[in-house]
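> quick one, fold the following:
(one chain, ligands or ions: 1)
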Amino acid sequence: MRSPLAVGSAFPASRFLVDSMLAPVDWNRIGCVVEYGPGTGIFTRALLERLPGNARILAIDTSAAFIDHLREEMDDRRLIAVRGSADHVQRIMADHGVEQADCIISGLPFSTLPPDRAARLMDVSHRSLSPDGLFLAYQMRRAIAPLLHRHFATVETGFEWRNVPPCHLYWARSPRPFSRSDGP
Ligand SMILES: C[S@@+](CC[C@H](N)C(=O)[O-])C[C@H]1O[C@@H](n2cnc3c(N)ncnc32)[C@H](O)[C@@H]1O
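Now for the predicted structure:
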């Protein structure tokens, strides 16, 4: 309620949204996930259920309350919850000894960011990923689409009605194309 533009939605993600977003990815192959805007941790928990034992999640949120909540609720050595902004992802990764992310998953409301900032954030995100890394996003609006197409060779899309509000889903990667049916 205090930060409507930053949070973007009054409701946490539904299990339908989480399942649709995560289903196409072979999480066994992922060593490090960076999560932008974990909020109350709906996606974080689902990621921990899917990731192998040696993986890591770097969950970055600007809200101290959400980060405290994650630390209290999720006692898992794979999870590093950091209060900070996704804009500083490269410094945050370096601070935690992470060179490249295999996957970034973003719940940030890109449509409410000033265009320059949104472009810089996508640029820095792309540079933080390993060469065949994945960028996943769930968004109320489609403002993120042109930014994804500018940086990634392949952008697959979906839509999940069973969420409040309904959400556009994006799976982006470069350089290799992938098939949703095979997993990216
Ligand atoms: C739409 S909510 C998503 C919450 C959660 N992932 C879910 O699906 O229920 C957006 C989250 O992004 C966080 N946030 C907003 N701007 C941010 C930024 N620049 N860097 C990191 N987190 C940010 C907010 O505090 C909020 O937790």
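> what about the strands in this structure?
Assigned strands in the chain, in chain order: 32-36, 56-61, 79-83, 101-106, 129-139, 154-160, 167-173 (criterion: DSSP state E).
> and for the last one, what's in contact with it?
Under the contact criterion C-beta atoms under 8 Å, 6 or more residues apart in numbering, strand 167-173 has outside partners 13, 17, 20-21, 24-25, 132-142, 144-145, 148, 151-160, 178, 180, 184. For every residue, glycine as well, the C-beta is placed using N, CA and C.
> run the last query once more with 6 Å
For strand 167-173, the surrounding residues in contact (C-beta atoms under 6 Å, 6 or more residues apart in numbering) are 17, 21, 134-139, 142, 148, 152, 154-160, 184.
> kindly report the same for the fourth one.
Contacts of strand 101-106 with the rest of the structure, by C-beta under 6 Å, 6+ apart, involve 30-36, 125, 128-130, 133-137.
> ok and it relative to strand 129-139, angle-wise?
Here strand 101-106 runs at 20 degrees with respect to strand 129-139, directions being taken by axes from the mean of the first three to the mean of the last three C-alpha atoms, to 10 degrees.
> in strand 101-106, what counts as buried?
Across strand 101-106, burial judged by 16 or more other C-beta atoms under 10 Å covers 101-106.
> and what of stretch 132-142?
In terms of neighbour count (16+ other C-beta under 10 Å), stretch 132-142 has its buried residues at 133-140.
> what is the most widely separated pair among these?
133 and 140 (24.4 Å; C-beta to C-beta).
> burial measure for residue 171, as a count.
For residue 171, the neighbour count with other C-beta atoms under 10 Å is 23.
> beta partners of it?
residue 136, residue 156 (DSSP bridges).
> quick revisit: between the contacts of strand 101-106, which is closest to the ligand?
Of all the contacts of strand 101-106, the ligand sits closest to residue 36, with 5.2 Å by C-beta to the nearest ligand atom.
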